[in-house]
Each structure stands twice: as structure tokens, then as C-alpha cells.
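> predicted coordinates and the sequence they were generated for:
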Amino acid sequence: MGNHPFTLNDKLVLVTGASSGIGRQCAITCSRLGAVVVLLGRDENRLSETMEAMHHKDRHESVQIDLCEFDRIPAMVKNLTQRLGMISGLINCAGVSTTLPLNALSVDKMNSFMETNVFSALNLTKYVVSSSNFSKEGGSVIFLSSVMGVVGAKGKTLHSMTKGALVSASKSMAVELGARKIRVNTVSPGVVETPMSKSAIYSRNKEALEFVKEQHPLGLGEPEDVANACAFLLSEGSKWITGTNMIVDGGYLAK
């Protein structure tokens, strides 16, 4: 199994937003594929719930942290690598979503969403890929974006702004880090059934929910669908893929 291109055996992988939804499933999937996983999230109780679902849970760690506390990040990353070894993978899943018309936006809202969805991920990535923290053999960094980073929809200006920023930024990072064999990609899901999507406006209305489902020829996604794509991009099976935005949307963009 050690030579299988899709194994994550003994790779040290950090997963943000690991307390629920897609981030939680990414952590679980990576653990099943042999990775040593560090769960990062703000809610200690929910991180514990994720840990209980991990394969060989004694191998893994969780860190309760708000990634928007930017000054805490360098020491946190250094502490992990000093104790656990060099990092081989990072999945940036932490983020928030909303539906707001343009006339409801404010500079404070825009700054808050950019800080949570973009700045925190880029800041963490900066320290993770430092030559003193990241594997000399290279590895993979993944940003969770969205189909709304590629196409538009009413009320999604704020969400699209942040997710599109991740798609664009990852391409430049891929070029910059390629010489060190660090691959950088985004994964852009359609609507996935998670606690976040279940709290969305359309989920409160049966007709609206049916309309959203109809926009996905294969139906709504599950966290496993996205986690499997992320696991592939972490593995050596994707060693010649970088600067790409992988669409995982059940056919949403095929229309």
C-alpha cells in the first residue's frame, strides 16, 4: 500500500474548518487514507466530535484556534512541526457564506468576509509552506472555493468575491511554489448537504429547495464527494496537477 499513488500514508495534513461539514469529512477521509491529521477549528466541542470519528484517532491532534487571530499562527504552526515533523498537506476549509443583495452590503461586512474566507487562509498558508515547516519533498495545498467563485447568482456578490479571490490567488501561488514541488489547487463544490447549507435561506422553503436540487443533475452533494476530491489532490496521484480549480458540482455548471 505504501507505493499506491492514492495513499496518504504518514503524511502530516492540516485541515481547517474541521469541526463540521466538508472540513470534518476531509479530516476523516484523510485519516482513513493513512495521514496524520491536525484538526483546526474554533469550536473545541465539535472538534472533539470530529476526532471521535477519525480512523486511529490516537495518531491525530486538534487545535482550537480562531484563524483570524493572525498573530497566533506562526507559533502554532512552528509548535506543530517541532513535535510532529514537516507538513505535507493543507486543506483550507474554514469559511462562512451568506446571501445578501448588493444594496445590503457594507464595508464592514466585506472586510469581515474577506478576513474570514481569504485573509486567514492565505496567512496560514504563508507559514505552513515556509521552508522550515513544509516537507522538502513537496506536497499539496488546497483551498475550498465554490462554483459561486466561477459563476454568479442573485445575492451572492459577497460570497463570490471571496471564493473567486481564492481561485485567482491559488494560481499565482502554484506558479510561485512549483519549484519546490508544492502544488496549489482549489476545489469548487456546488451545493453540498452540510449544516451550513441547511441553514441557508433556500432550505427554509420547499419550492426553493427543490429548485436548487434541480440545478444539480446528479442531485445535491455530500461532504464525502468533496473530501474525496481533496484527498486525490493531496495524493501523489495528482503530482502533475497544480493551479487548477477542480469543479465538484454534480453537473451544476454543465447546464
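Cool, the structure landed. The structure displayed is predicted, hence computed values, not measured ones. Numbers count the residues shown, from 1 in each chain.
> gap between residue 169 and residue 39?
24 Å (C-beta to C-beta, to the nearest Å). Every C-beta, even on glycine, is put in place using the N, C-alpha and C of the backbone.
> who's more crowded, those two?
Comparing residue 169 with residue 39 by neighbour count (other C-beta atoms under 10 Å), the higher total belongs to residue 39, at 27 against 17.
> how about the more buried one, secondary structure?
Counting by DSSP: H, G, I helix; E, B strand; the rest coil, the backbone at residue 39 sits in strand.
> for it, what are its contacts?
Going by C-beta atoms under 8 Å, 6 or more residues apart in numbering, residue 39 touches 15, 18-19, 27, 47, 50-51, 60-63.
> for those, give me a markdown table that also has pLDDT, neighbour count and secondary structure.
Output for the contacts of residue 39, formatted as a markdown table (pLDDT from 0 to 100; neighbours: other C-beta atoms under 10 Å; DSSP: H, G, I helix; E, B strand; the rest coil):
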| residue | pLDDT | neighbour count | secondary structure |
| --- | --- | --- | --- |
| 15 | 99 | 33 | strand |
| 18 | 98 | 32 | coil |
| 19 | 96 | 25 | coil |
| 27 | 99 | 33 | helix |
| 47 | 98 | 23 | helix |
| 50 | 98 | 26 | helix |
| 51 | 98 | 20 | helix |
| 60 | 99 | 22 | coil |
| 61 | 98 | 16 | strand |
| 62 | 98 | 22 | strand |
| 63 | 99 | 18 | strand |
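> and which of the residues you listed is nearest to residue 244?
residue 15 (19.9 Å; C-beta to C-beta).
> which phi and psi does residue 216 have?
phi -120, psi 100 (degrees, to the nearest 10).
> er, residue 247 I mean
phi -90, psi 120.
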